[in-house]
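Asks: Output the structure for:
(one chain, ligands or ions: 1)
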Amino acid sequence: MDEVIERLRGGLVVSCQAYGGEPMNDAETMTRVAQAVVAGGAVAVRAQGPGHLRRMRAELDVPLVGLWKDGHDDVFITPTLEHAAAVAEAGAEVVALDGTDRCRPDGLDLAETIRRLRERHPVLVMADVSTFEEGVLAAEAGADLVGTTLSGYTAYTVKTPGPDLDLVERLAGALSVPIVAEGRYHTPDQAAEALERGAHCVVVGTAITHPATITSWFAAALETGDRRAT
Ligand SMILES: CC(=O)N[C@H](C=O)[C@@H](O)[C@H](O)[C@H](O)COP(=O)(O)O
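Replies: A predicted model of the protein is given here:
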């Protein structure tokens, strides 16, 4: 498993996810997207749901960072031990789960979730956190990697337009586990800066794999028309 951490070092992990009833939300399409990002240089793929993960595991050679989203509010990223076990059984080498210290739906705390998951599966655990304090607690709870994924997505954090690079730098300065920079990395420069500020690797999702959002950025810029002569 140390080998997986080494494969991630200094690299780009691309999150290949579609949501709800979106047209690209099927295992076949997301697996093709994942193959395309690997061809472009992604060292690993982050993906959602046992069905997508199983398909990707059969067709990709890179490590999979797997999660299972359930719900939208509070704890929704791989919320319970059973979700985590299903992600591991689908073939993910790294199980990404909510690493905040909020109550989990199955009543287990993070340390117990990680301990019981490891009893069942030889996986790495990535704790998705939203604050520095959560990152410290997640490392103490046994997480192998700590990601800034949830900064801006909890009730007590602010969603800045860009990534939370300060959180990356603080966590990297304080913890010995690898820090994964994730959340609103929209440009290559931002991703490179995360590595300079101590990240072990960077996860980019929307800006590479979510065409509806990328298109909306361009469409909005045309609608504003600020640059057009009046
Ligand atoms: C908060 C949450 O639900 N994040 C999810 C976690 O897997 C995904 O929806 C994000 O796309 C992923 O974190 C990558 O981030 P971005 O798409 O900003 O590059």
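
Asks: how about the strands in this protein?
Replies: Residue ranges of the strands in the chain, as given by DSSP state E, are 12-16, 44-48, 64-67, 94-98, 124-128, 145-147, 179-182, 201-204.

Asks: I'd like the ones you listed as JSON lines, with mean pLDDT, mean neighbour count and distance to L117 appended.
Replies: Placement of C-beta: from N, CA and C, glycine included. Converted to JSON lines, the strands of the chain look like this (pLDDT from 0 to 100; neighbours: other C-beta atoms under 10 Å; distance: least, C-beta to C-beta, whole Å):
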{"stretch": "strand 12-16", "mean pLDDT": "99", "mean neighbour count": "26", "distance to L117": "20"}
{"stretch": "strand 44-48", "mean pLDDT": "98", "mean neighbour count": "27", "distance to L117": "18"}
{"stretch": "strand 64-67", "mean pLDDT": "98", "mean neighbour count": "29", "distance to L117": "12"}
{"stretch": "strand 94-98", "mean pLDDT": "98", "mean neighbour count": "28", "distance to L117": "7"}
{"stretch": "strand 124-128", "mean pLDDT": "98", "mean neighbour count": "27", "distance to L117": "7"}
{"stretch": "strand 145-147", "mean pLDDT": "99", "mean neighbour count": "28", "distance to L117": "14"}
{"stretch": "strand 179-182", "mean pLDDT": "99", "mean neighbour count": "28", "distance to L117": "18"}
{"stretch": "strand 201-204", "mean pLDDT": "99", "mean neighbour count": "26", "distance to L117": "21"}
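
Asks: Spell out which residues of this structure are next to the ligand.
Replies: 15, 17, 67, 77, 149-150, 153, 182-185, 203-207 (C-beta under 6 Å from any ligand atom).

Asks: hmm, try it at 8 Å
Replies: Residues of the chain lying close to the ligand (C-beta under 8 Å from any ligand atom) are 15, 17, 19, 46, 48, 67, 69, 76-77, 96, 128, 149-150, 152-153, 163, 182-186, 203-210.

Asks: what's the closest of the strands of the chain to A138?
Replies: Closest to A138 of the strands of the chain is strand 124-128 (C-beta to C-beta; 3.5 Å).

Asks: contacting residues around the closest residue to Q48 other than its chain neighbours?
Replies: Leaving aside its sequence neighbours, Q48 sits nearest to Q17 (C-beta to C-beta, 6 or more residues apart in numbering; 4.6 Å). Counting by C-beta atoms under 8 Å, 6 or more residues apart in numbering, Q17 makes contact with M30, R46, A47, Q48, G205, T209, H210.

Asks: Can you pull out the low-pLDDT segments for this protein?
Replies: 226-230 (pLDDT under 70).

Asks: Count the neighbours of the residue in it positioned nearest to the ligand for me.
Replies: Residue of the chain nearest the ligand, by C-beta to the nearest ligand atom: G205 (2.9 Å). Neighbour count for G205, taken as other C-beta atoms under 10 Å: 20.

Asks: what do you get for F218?
Replies: 9.

Asks: picking up where we left off before, adding distance to D101, write the contacts of Q17 out as TSV.
Replies: TSV is the format used below for the contacts of Q17 (distance: C-beta to C-beta, whole Å):
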residue	distance to D101
M30	31
R46	23
A47	26
Q48	23
G205	24
T209	30
H210	29
